[in-house]
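Q: Provided below for reference: sequence and predicted model.
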Amino acid sequence: MSDTSADARRGDTFGFIRRNIRQYGILFALIIIMVFFQVVTGGILFKPVNLTNLFLQNSHIVILAVGMLLVIVAGHIDLSVGSVAAFVGALAGIMSVKMGLPTPVVVVLSLAAGAVIGGIQGYWIAYWKIPSFIVTLAGMLVFRGLTMWILGGQNIGPFPPGFQMIASGFIPDIFGVVKPNMLSLVLGWSAAVAILWMQVRARAQQEKMGVVDEPFAFFAGKNAIIFIAIVGMTWALANFRGLPNVFIVMALLVGLYAFISERTTIGRRIYAIGGNAKAAKLSGINSERVVFLTFANMGMLAALAGIVVSARLNSATPKAGVAFELDAIAAVFVGGASMAGGVGTVIGAVVGAFIMGVMNNGMSILGIGIDYQQVIKGLVLMAAVIFDVSNKSKS
């Protein structure tokens, strides 16, 4: 009897692994990549100054990947996000530097401009059924041209100190301690405890309803890794300059959109449309409105990415945003999203963004040329897509 139950448990475990191989695979891939570069760079990767640079340099990709995940899950794609980010960054430069508007006003107007741009593109995609590839390809060209036009081919800067703080500022320590930054420790460790508590609470509810799918060993290991990573990273950053402002923005966005995609009606509708658009329509979902809102949201996040990049560079430049759309799309696919739509998670997209970011950072530290970096990133993306296709053929 015990042998039979043991076989059943092993069968359940292997079945769970097969069903969730992408989810766990990307997490372990990130860990392996980080450990690898930590070793080959002689410990530079995990130094606080490099961790800070890692977050600052990849913040815009994480922001774009969160929005792109929803677009791809809905069965579409957006090739215009890099050009929209550059265009909105240029608008922010004109409003802030030339017109002297306050930073909060500039940020609100810039986000609104991005949402309008995304909404216009979403209108043609959702209500006129024009393929998103064509609409956003046109948008990529249009807004790249408009960026060069309104800037006159010149950079605009520097931005006021308040605007620069969006991307280059750090959380101040209200406790008055020099090092470590106690406020950063409180925020980071509280977040780690809160995430662990929510995971434990969710599993307890699943056990009560008898719908637990994840073996306890996987549950415990995954959450232990996440908890230790957050605590360790917070400690390292708190002993340097504290948590960057843009890190807080990223964390809030990831938490918000993870909640929207997993716990809200509109999130479930996005997945339903990507999984089977006709069935979703027949079930009463207003698919046109959902797709429209998805692209409006993508435009707003592209605007936020443009603000962050402009603040980090302290300049609005016509060359901003080049290849941002490719990095965001790569992060989403590496993070486990399906090309066919209907599959993917916000957390997976963020992990995918950091996989690409850590690879960029590690290869740069090692002095690997940009040509080889592009080749390696392309091979990683191709491997992720092949893995997705092979999984679908087996199922």
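A: In hand now; what should we look at? Residues are numbered from 1 along each chain as shown.

Q: from here on, just use CA atoms for contacts and neighbour counts.
A: OK.

Q: chain neighbours aside, what residue packs nearest to residue 385?
A: residue 333 (6.9 Å; CA to CA, 6 or more residues apart in numbering).

Q: pretty sure that neighbour contacts residue 350?
A: No. Residue 333 is beyond contact range of residue 350, at 10.7 Å (criterion: CA atoms under 8 Å).

Q: where does pLDDT dip in the stretch 251-395 of the chain?
A: Applying pLDDT under 70 to the stretch 251-395 of the chain flags the ranges 388, 391-395.

Q: now do the helices in it.
A: 265-275, 277-282, 287-313, 324-334, 346-365, 370-394 (DSSP state H, counting those that start in this stretch).

Q: relative to residue 29, which of those helices is closest?
A: Proximity of the helices of the stretch 251-395 of the chain to residue 29 was assessed by CA to CA; the nearest stretch is helix 346-365, lying at 7.8 Å.

Q: return the distance of the nearest residue to residue 291 once chain neighbours are set aside relative to residue 136.
A: Of all residues beyond its chain neighbours, the one nearest residue 291 is residue 126 (5.7 Å), with distances taken as CA to CA, 6+ apart. To residue 136, residue 126 is 13 Å away according to CA to CA, to the nearest Å.

Q: show me how far stretch 367-376 is from its chain's centre.
A: Mean-position distance between stretch 367-376 and its chain equals 23 Å (CA atoms, centre = their mean, to the nearest Å).

Q: same for the helix or strand that the residue nearest to residue 291 is a member of, what does it pack against?
A: In the assignment (DSSP states H and E), residue 126 maps to helix 103-127. Identification of packing neighbours for helix 103-127 by 3 or more CA pairs under 8 Å, 6 or more residues apart in numbering; DSSP states H and E yields helix 81-93, helix 132-151, helix 287-313.

Q: mean neighbour count, the ones you listed: which tops it?
A: For those, average neighbour numbers computed from mean count of other CA atoms under 10 Å are highest in helix 81-93, which has a mean of 31.

Q: hmm, who's touching that helix?
A: Contacts of helix 81-93 with the rest of the structure, by CA atoms under 8 Å, 6 or more residues apart in numbering, involve 64, 106-107, 110, 113-114, 117, 139-141, 143-144, 146-147, 150-151, 156-157, 159, 298-299, 302-307, 309-310, 315-325.

Q: only the buried residues of the one helix or strand residue 219 maps to, if you could.
A: Applying DSSP H and E as the criterion places residue 219 in helix 216-238. Of the residues in helix 216-238, those with enough neighbours to count as buried (16 or more other CA atoms under 10 Å) are 223, 227, 230, 231, 233, 234, 235, 236, 237, 238.

Q: ok, of those, which one's closest to residue 269?
A: residue 223 (28.3 Å).

Q: that closest one is in contact with residue 196, isn't it?
A: Yes. Assessed by CA under 8 Å, residue 223 is found in contact with residue 196 at 6.6 Å.

Q: excluding its backbone neighbours, what's nearest residue 267?
A: residue 261 (4.0 Å).
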